[in-house]
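Trainee: quick one, structure for this:
(2 chains)
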Number of protein chains: 2
Amino acid sequence: MHPLPSALADIPNGSVTTPRGFTAAAAHAGLKADGAPDVALLVSATSCATAGVFTKNAVRAAPVVYDADLLAERPGRVRAVAMNARVANACTGAPGLAAARAMAQAAEQAAALPPRTALVLSTGVIGVALPLEQVVDALRAAAGRLTPDGGPEAARAIMTTDTRPKHCAVRFETPAGIVTVGGIAKGAGMIHPDMATLLAVLTTDAAGEPAGLQPLLRRVADRSFNAISVDGDTSTNDTVLLLAGGASGVDPSRDGAVWKTFEDAVLQVARTLALAIVSDGEGASKVVEIQVTGGVSEAAAREVGRAIARSTLVKTAIYGADPNWGRILAAAGAAGVPLAVERLSLQAAADGEWLTLATGGATAHADLGAAHAIFAQKTIRLRVDLGLGRAEAVVWTCDLTPDYVRINADYTS
Amino acid sequence: MHPLPSALADIPNGSVTTPRGFTAAAAHAGLKADGAPDVALLVSATSCATAGVFTKNAVRAAPVVYDADLLAERPGRVRAVAMNARVANACTGAPGLAAARAMAQAAEQAAALPPRTALVLSTGVIGVALPLEQVVDALRAAAGRLTPDGGPEAARAIMTTDTRPKHCAVRFETPAGIVTVGGIAKGAGMIHPDMATLLAVLTTDAAGEPAGLQPLLRRVADRSFNAISVDGDTSTNDTVLLLAGGASGVDPSRDGAVWKTFEDAVLQVARTLALAIVSDGEGASKVVEIQVTGGVSEAAAREVGRAIARSTLVKTAIYGADPNWGRILAAAGAAGVPLAVERLSLQAAADGEWLTLATGGATAHADLGAAHAIFAQKTIRLRVDLGLGRAEAVVWTCDLTPDYVRINADYTS
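Mentor: You can find the predicted model right below:
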């Protein structure tokens, strides 16, 4: 569905520690009842230029407040990311912010790093105090066994309702040497644009400046993590980080073509992780790719895609293999974007050819049997043409199943 | 939960035909496979001043386009409303608009009314042509047996996935005589502010002017039909109509106190119908009342309430009887309204006293057993104080259950 651009080579079992200069390890702090790792530490041998994209939710968790503050103050000095699952350290007031700070300091001390060089990421239940002592002990244990193979284990440690760890890496050649980009993420439920309980850490051995990386990461996030939806909810903790350590000796910003390939590589890693999150959505049985074309702007096209992606009526129809195209157009109409109904068209495809379901905002009298066959597949592509301009966007979502309800009906307390 | 203001008297088994001057009947057009009535006709003996509130979805169904146009042209001459269930006449292009016009004309001819005096309402599957001949025949049959007792039967005819017909009426005394307000509605799935697949017709024997009724109906709709959410989706067909026929001889606009009581009466009818819709939400097992206080404006408070009401994570937690207050604050934070986390507080109650779950945006260390007991009830009240101002709003929603998914997975085609 998403062929790699030819310049990019996928690296099997890649992760945040595939780029040179990064090590990681996981440990068990006792937050997960089953004894699985629940704390992870990522460390860079060099100071990293770092960009961050954070939740737009007005209720921001303590780690988000801490990280945004640190990145505003010194975005070129990051050396580590300390992570935990099971407790989000959100809605925890001033003690929560102190706990986030203490967690960062513990990581810095355990890895012998200067002060204010560690970022923190938490995910899990909201409103519960972070068991700080346990987390600190686990961070110390992790610091004692940091390894360049530790990325996949870190990905496993940050899982909550995820059923699979999510990690990948790509590399590409430049005249000045090979550049590698890697990443880990956790997601599953609550995923939606702006980016509920989504944590992602991207690393690269390219050199960079925070001023250049920040807009790049924003563009990448809009086309990957902000273009997926599991249940339309947004969260208190969502964070995407990009750390550039420079161990490759290549600074992609010196050559326009190399910079473009670098952004493609970061996007490729981000999209791979984002799609892994959608297909691992809580209770999900199907993945839907929604292409919106003919928009007056990319942002408007994306809003239409998001509206379709978060519609519970569309998502239940997908679950039921029901080619209910009217619900899809109705969801598009609810996007809050100006539309001309008589210009709307809708097509659907699985692996094969596109089947036109609606033209001019009304039925195209498609072969119903063929439509049912498409909607019965595990991966469904929809293409909505707005007929208003040339801008496009792609959004991914999953179906809404009875299992989603069951998983979320008893997650806490 | 919502005591009647003392001046208003509930009328048992009331409906749109309880106010003087209105008759109605239902008939079977063969749209519902089980032989149940699926077409209804409401007729007024006098010309009605009429107000209408329509869906904000950019994809507007043909009946919405037709009615909005007719009300813009002659809002003081309405004599009838023709309704059908099972086919929404949405996403049907120019032929759909012609069908809506033909349906209105058939109602006018069958009831011997002047041209352009009938409104039309349709609900059901999107993207399917209206079976016009069958609907016209049924409207003729209905016109032959119009009766002042016909309101409840009309309410039954417009049901889709509703399990119960929804109708009510109230009356109040004025120095100039008794005024009655009645209504019917259909809802169930797809209900959300702006007001997916919600149809409501309110009638009164008060006299009125369209210029006064329109802002009154807008205020009432914001505090009733636009304050409920079943699944966050908005639809192509949502319509709320208010017809004032004047048979009581009372014009409430001549006296400020009477006008206020009149608005209370319309609001009482609208809220009764809106709450009946929520408690009959597709697969719903619980009703949640969300009171938002301390807002800088009623609109901002309502947005926060809506964000909580449409959160699938909140709604699944309610289904699971899980007092997961963090999800409620996180949903509030996603409303797109400025909030100060440290001023947020949250309380919950069933029948008894309020239990404080969060203060200052963090846990209030509530008795977990008491919290679980509240969330195990069939009716749950939440009170979110934003701590920013004096404005308030109330929003209602229901839980999200596995049955909702099952119902919507195979509704069409």
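Trainee: can you pull out the low-pLDDT segments for chain A?
Mentor: A:1-6, A:188-196, A:230-234, A:282, A:404, A:407-413 (pLDDT under 70).
Trainee: pick out the residue closest to the middle of it.
Mentor: Residue closest to the average C-alpha location in chain A (Cα atoms, centre = their mean): residue A:225, at 3.8 Å.
Trainee: ok, it touching residue A:240?
Mentor: Yes. In this structure residue A:225 lies within contact range of residue A:240 using Cβ atoms under 8 Å: 5.7 Å. To be clear about C-beta, it is placed using only N, CA and C from the backbone, and glycine gets the same treatment.
Trainee: mutual contacts of those two, please.
Mentor: Jointly contacting residue A:225 and residue A:240 under the rule Cβ atoms under 8 Å, 6 or more residues apart in numbering or on different chains are A:53, A:195, A:198, A:200, A:270.
Trainee: specify the local secondary structure of the fourth one.
Mentor: Taking DSSP: H, G, I helix; E, B strand; the rest coil as the rule, one finds residue A:200 in the strand state.
Trainee: so what's it up against?
Mentor: A:183, A:184, A:185, A:186, A:225, A:239, A:240, A:241, A:270, A:273.
Trainee: check contacts around residue A:67.
Mentor: A:52, A:54, A:119, A:120, A:121, A:239, A:241.
Trainee: for chain B, what's its nearest residue on the stretch 301-413 of chain A.
Mentor: residue A:326 (2.4 Å; Cβ to the nearest Cβ).
Trainee: excluding chain neighbours, what is closest to that residue?
Mentor: In this structure, residue A:326 finds its nearest non-sequential neighbour in residue B:126, 2.4 Å apart by Cβ to Cβ, 6 or more residues apart in numbering or on different chains.
Trainee: surely that neighbour touches residue A:329?
Mentor: Yes. Using Cβ under 8 Å, residue B:126 makes contact with residue A:329 at a distance of 7.1 Å.
Trainee: common neighbours of those two, please.
Mentor: Joint contacts of residue B:126 and residue A:329 (Cβ under 8 Å, 6+ apart) are B:91, B:236.
Trainee: what about residue A:243, helix or strand, and which?
Mentor: strand A:239-244 (DSSP states H and E).
Trainee: so what strands line up beside that strand?
Mentor: Sheet pairing of strand A:239-244 (DSSP bridges) gives strand A:39-54 (antiparallel), strand A:199-204 (parallel).
Trainee: looking at those, which one is packed in the most?
Mentor: Greatest average neighbour count among those goes to strand A:199-204 (a mean of 30), per mean count of other Cβ atoms under 10 Å in any protein chain shown.
Trainee: out of the contacts of residue A:67, who has the most neighbours?
Mentor: Within those, most neighbours by other Cβ atoms under 10 Å in any protein chain shown means residue A:120, with 30 neighbours.
Trainee: which non-adjacent residue is nearest it?
Mentor: Nearest residue to residue A:120, sequence neighbours excluded (Cβ to Cβ, 6+ apart): residue A:63, at 4.5 Å.
Trainee: ok, that neighbour touching residue A:241?
Mentor: No. Using Cβ under 8 Å, residue A:63 is not in contact with residue A:241; the gap is 11.1 Å.
Trainee: what's around the residue of the stretch 301-413 of chain A closest to chain B, how many residues?
Mentor: Each residue near residue A:326 was counted by other Cβ under 10 Å, and the total is 30.
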